[in-house]
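S.K.: I'd like to go over a predicted model; first the sequence, then the structure.
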Amino acid sequence: MPCLHRVYIAMGTNLGDRAANLEKAIALLPPDAQPMRLSPIYETEPWGYTDQPAFLNAVLEAETSLPPLDLLAALKRIESEIGRKPTFRYGPRLIDLDILFYDDLILEADNLVIPHPRLAERLFVLQPLADLAPDLRHPVSGLTIDELLHQILM
């Protein structure tokens with residue numbers, strides 16, 4: 001039996017039928033990852049580039065037997081299948097799927113950093129993540145998700 005890894009995936013969308021984009025992404029995950037729990041969905045203002053529609057953001061807890069780079073490839077394939085087209089950094093998108101955590105792994109590869117390097121700065125990631133796993137400890141900072149959330153709310 002393959003080893004299963006607990007992963008947290010940030011999900012964001014601000015184009016088209018946003019709720020349907022999130023639902024479709026979750027539906028396309030198996031067999032690469034098995035969805036377990038979904039956070040509440042938040043409507044958030046754009047971050048980085050602000051002249052675009054509001055986002056729907058959520059965090060999905062899932063299990064996977066894939067290694068991290070294979071999981072990243074699967075998420076990129078799902079984004080393409082939903083219709084995401086390359087655009088500029090922080091621009092509008094049909095769907096964005098980012099690996100936040102992969103067990104307690106610390107990884108720095110050319111195209112993937114785990115834990116996600118900017119999650120501690122982003123309320124639109126920390127709030128839904130705290131809804132799912134407030135006591136999850138960041139393997140680099142040692143802080144819990146709840147503690148990280150409180151840092152940016154102060």
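M.R.: It's in. Because the structure is a prediction, the values reported are computed rather than measured.

S.K.: From now on I want contacts and neighbour counts done on CA atoms only, so please keep to that.
M.R.: OK.

S.K.: so residue 56 bridges to which residues?
M.R.: Beta-bridge partners for residue 56, by DSSP bridges, are residue 13, residue 43.

S.K.: for the protein, what spans make up the strands?
M.R.: For the chain, the strands defined by DSSP state E occupy 5-13, 34-38, 42-44, 55-64, 96-102, 107-108, 113-114.

S.K.: Give me the sheet partners of the fifth one and which way each runs.
M.R.: Note on strand 96-102: by DSSP bridges, its sheet partners are strand 5-13 (antiparallel).

S.K.: Need the distance between the two termini of stretch 91-111.
M.R.: 19 Å (C-alpha to C-alpha, to the nearest Å).

S.K.: mean confidence score for the lengthiest helix in the chain?
M.R.: Ranked by number of residues, the top helix in the chain under DSSP state H is helix 68-82. The pLDDT scores in helix 68-82 average 96.

S.K.: ditto for stretch 97-107
M.R.: For stretch 97-107, the mean per-residue pLDDT is 97.

S.K.: got the contact list for that stretch?
M.R.: Here stretch 97-107 makes contact (C-alpha atoms under 8 Å, 6 or more residues apart in numbering) with 5-12, 68, 72, 75-76, 79, 113-116, 119, 138-140.
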